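Student: Quick one, structure for this:
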Amino acid sequence: MQLGFVGLGAMGQLIVPRLMAAGHEVTGWNRSRDKAKALIKSGMRWADTPRAVAERSEIVFSIVTDSKAVRAVALGNDGIVSGLRAGGIYVDMSTIEPDESRSVAAEFSKAGSIMLDGPISGSPVTVTQGNASVMIGGDEHAFERIKPVLLAIGPKVTHIGGNGLACQMKIAVNLLLMVEVIAFGEAIALAEKGGVARDVALDAILKSVAASPVLGYRGPFILEGKMPAVPLADVTLQQKDMMLALNLGRTSGSPVPLAAAANEMMNACRGLGIDRNDFVVAHQVYRRLGGQK
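Tutor: Next up, the predicted model:
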């Protein structure tokens, strides 16, 4: 199929090659063309605007930072909505507020096209391994139309419900992920305080019933010299998603006390100046609070 991709950051850089490997032709756009050089070299076509991407595509994907960025690429001057043909499908894979996603989807509906929210659950590691999952909110018939394309991105594809509900689910999943990783740091620090070597504690957790995929690839970052120079998700990026969860809890009346506690550990990372690391670095906060070096 003729596909478009808007936003070629860390995740887009990995998703586009998977789409091309499945035999699709991909046209891409990014605010900075430099990030697209490797993809262009490998066969991706370049377009000068999101609108131009949409004009060449049956399905357009985007993955950008926040709802403001989604509105800019989707509805702004030379946005996707102005180039997408009648009946065309736009899939936004960004993690944004459900109501914002529904609002953008309404504009596509007015224009005679379809928007789905399709956030991806996974890190660059899981995308590369082919283990990422995609959740879709919006028209179910449109979901069935694009499902074969989605399966090129990852093997786990789920229709969650109406527009905005995949965003709602992604924020809920991210809340669980963040609390889990923060609790992991707390558990390791407690074991170390009692005299257990860090590598032994890590190995024990990864062999226990508490083990999970995210701890399997992120847990080793706490070992000496293992913290990646380019984080999978630094404190600031992860805290952005945490704030989405806290705001949803506030506006819907659903209690999220563990999210609030985890967010305070993110604040502590920022206060200690270690926030440019992957957010598993919260383990260091626990050590310092416990009087460990």
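
Student: which residues of the stretch 151-293 of the chain fall in helices?
Tutor: Taking DSSP state H, counting those that start in this stretch as the test, the helices found in the stretch 151-293 of the chain are 165-193, 198-206, 213-218, 235-252, 257-271, 282-289.

Student: so where's the stretch 151-293 of the chain shaky on pLDDT?
Tutor: Scanning the stretch 151-293 of the chain for pLDDT under 70 picks out no residues.

Student: quick one: which of the helices of the stretch 151-293 of the chain is nearest residue 48?
Tutor: Closest to residue 48 of the helices of the stretch 151-293 of the chain is helix 235-252 (CB to CB; 27.8 Å). Placement of C-beta: from N, CA and C, glycine included.

Student: Show me which positions of that closest one end up buried.
Tutor: Buried residues in helix 235-252, counting neighbours by 16 or more other CB atoms under 10 Å, are found at 235, 237, 238, 239, 241, 242, 244, 245, 246, 248, 249.

Student: what residues does that helix touch?
Tutor: 65-66, 95-98, 168, 171-172, 174-175, 178, 254-256, 259-260, 262-263, 266-267, 269-270, 274-277, 279, 281-282 (CB atoms under 8 Å, 6 or more residues apart in numbering).

Student: Over to stretch 194-211?
Tutor: Contacts of stretch 194-211 (CB under 8 Å, 6+ apart): 184, 187, 188, 191, 192, 215, 216, 219, 220, 222, 223.

Student: Just the CA coordinates for that stretch, please, in CSV.
Tutor: What follows is stretch 194-211, C-alpha atoms only, in CSV (Å, rounded to 0.1, in the frame of the first residue of the first chain):
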residue,chain,number,x,y,z
GLY,A,194,20.3,-5.2,53.8
GLY,A,195,23.5,-6.3,52.2
VAL,A,196,22.4,-8.0,49.0
ALA,A,197,24.7,-7.2,46.0
ARG,A,198,22.9,-5.2,43.3
ASP,A,199,23.6,-7.7,40.5
VAL,A,200,22.3,-10.6,42.7
ALA,A,201,19.2,-8.6,43.6
LEU,A,202,18.5,-7.9,40.0
ASP,A,203,19.0,-11.5,39.0
ALA,A,204,16.7,-12.7,41.7
ILE,A,205,13.9,-10.3,40.7
LEU,A,206,14.2,-11.3,37.0
LYS,A,207,13.9,-15.0,38.1
SER,A,208,10.9,-14.3,40.3
VAL,A,209,7.1,-14.1,39.8
ALA,A,210,7.5,-10.3,39.7
ALA,A,211,9.6,-10.4,36.5
